[in-house]
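Novice: My questions concern the predicted model and sequence given below.
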Amino acid sequence: MKRKDKSMLNSKKLFFLFLLSLPLLFWGCGAAPQPPKAPEPLPAWVNLPVTDDAQYMYGVAIEADRESAVKAALSEMVSKLGISIESSFESQQRVDNYHVDNSSTNKIKSDVAKIQINNYEVIKSHRISYKEFAVMIKTDKEKFAQGLEESLSAQKSSMELRLASVTSKDTLSKYNLKQELSKEADAMLSTVLIAAKLSSAKKFDKGSYLKFISLIKADFIQEQKSLNFYVSGDANSVSFVKHLKNFLAQKNFSVSGVKKANSVLVKVQTSDSIGSGSIAVLKINIDVVSQTQNIGGKSIILKERYNGSKSSVYKNASIHFEQEIKELGLNEALGVELNH
């Protein structure tokens, strides 16, 4: 009797497990995997972007989100400008009396890449997928050129005012200012060329800007040629004077053997304290003078071992002085501010 009850119990368990498995069996049969949904075709403006026309420039880009896509589209627009400017001028040696060589052309393309376009409009946008977004932007060429011209006009006026103030400055300040203006004029060229390309010839006076750029650059070249240093010192400073001359020459500055009316004077005086002790102390005073005006200076203290020979002290000091001015750099060694 017990064996029969046990058999019936096992049969019930098996039947119960079978009932539990039925939903899984039917679910497996009825849930066949669906074929992947075909991606929606991209809009025509993504695959075949609109080309620039007489009035507008266009840019198209695909990025992870809308903001990134707009930035990329602007970059594409600026890149097209750079290629257009480069192709227009790379084969020319002169543009309206402004010399443009290969290095200048490469710099123009680089500077164009820094141009910012603010008057753009997003005309189309499309969410391609959860991680891709496409946009199309446009900008009005004439309005863009007008904005560039306004910026150029303000920059030119500012540069002219700064240049007019140079007469009251010392020699090194003149040099620094004219070098800064020359660099600004260089960067200005790409903006001039873009504005000229986008604007009608009658509305933008490219020639006057190119002439201004040439004059600014020529003025700095002349200032660079005229800048010269005359270095002198007392009897104790012979070797130190020599090192300063070499240091200035290594920085591509002209060092004159005779004092000229426009020379920047570098005067060196050395005093020493050499007693009965084992350490000698040298104080090297450097004064920088431009047209009777003191414009810089530096005192360098050197401590050398003294073994009874003063010449040995100065020989070692000469070596250490050369090392010191190289470590300090030209401006700190002379106590001046000089762009180089």
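Specialist: Cool, the structure landed.
Novice: can you map out the strands along the stretch 1-150 of the chain?
Specialist: Taking DSSP state E, counting those that start in this stretch as the criterion, the stretch 1-150 of the chain contains strands spanning 56-63, 94-95, 98-99, 120-129, 132-140.
Novice: and those strands as JSON lines, adding mean neighbour count, distance to residue 325 and mean pLDDT?
Specialist: Every residue, glycine included, has its C-beta placed from N, CA and C. Rendered in JSON lines, the data for the strands of the stretch 1-150 of the chain read as follows (neighbours: other C-beta atoms under 10 Å; distance: least, C-beta to C-beta, whole Å; pLDDT from 0 to 100):
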{"stretch": "strand 56-63", "mean neighbour count": "20", "distance to residue 325": "52", "mean pLDDT": "91"}
{"stretch": "strand 94-95", "mean neighbour count": "14", "distance to residue 325": "43", "mean pLDDT": "50"}
{"stretch": "strand 98-99", "mean neighbour count": "16", "distance to residue 325": "37", "mean pLDDT": "52"}
{"stretch": "strand 120-129", "mean neighbour count": "14", "distance to residue 325": "52", "mean pLDDT": "90"}
{"stretch": "strand 132-140", "mean neighbour count": "20", "distance to residue 325": "53", "mean pLDDT": "92"}
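Novice: Mind putting these into TSV with distance to residue 275?
Specialist: Compiled in TSV, the strands of the stretch 1-150 of the chain are given as follows (distance: least, C-beta to C-beta, whole Å):
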stretch	distance to residue 275
strand 56-63	75
strand 94-95	69
strand 98-99	64
strand 120-129	77
strand 132-140	78
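Novice: Tell me which of the ones you listed approaches residue 291 most closely.
Specialist: With C-beta to C-beta as the measure, strand 98-99 is the member of the strands of the stretch 1-150 of the chain nearest residue 291 (33.6 Å).
Novice: Please export the C-alpha coordinates of the helix or strand residue 247 falls within as PDB.
Specialist: Secondary-structure assignment from DSSP states H and E places residue 247 in helix 238-250. Presented in PDB, the C-alpha positions along helix 238-250 are these (Å, rounded to 0.1, in the frame of the first residue of the first chain):
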ATOM      1  CA  VAL A 238      86.500  92.600 -20.300                       C
ATOM      2  CA  SER A 239      85.400  89.000 -20.300                       C
ATOM      3  CA  PHE A 240      81.900  89.800 -19.100                       C
ATOM      4  CA  VAL A 241      81.500  92.300 -22.000                       C
ATOM      5  CA  LYS A 242      82.600  89.700 -24.500                       C
ATOM      6  CA  HIS A 243      80.000  87.200 -23.200                       C
ATOM      7  CA  LEU A 244      77.200  89.800 -23.400                       C
ATOM      8  CA  LYS A 245      78.200  90.700 -27.000                       C
ATOM      9  CA  ASN A 246      78.100  87.000 -28.000                       C
ATOM     10  CA  PHE A 247      74.800  86.500 -26.200                       C
ATOM     11  CA  LEU A 248      73.100  89.400 -28.000                       C
ATOM     12  CA  ALA A 249      74.500  88.200 -31.400                       C
ATOM     13  CA  GLN A 250      73.200  84.700 -30.700                       C
END
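Novice: which of the residues in that helix are buried?
Specialist: Of the residues in helix 238-250, those scored as buried under the neighbour-count criterion (16 or more other C-beta atoms under 10 Å) are 239-241, 243-245, 247-248.
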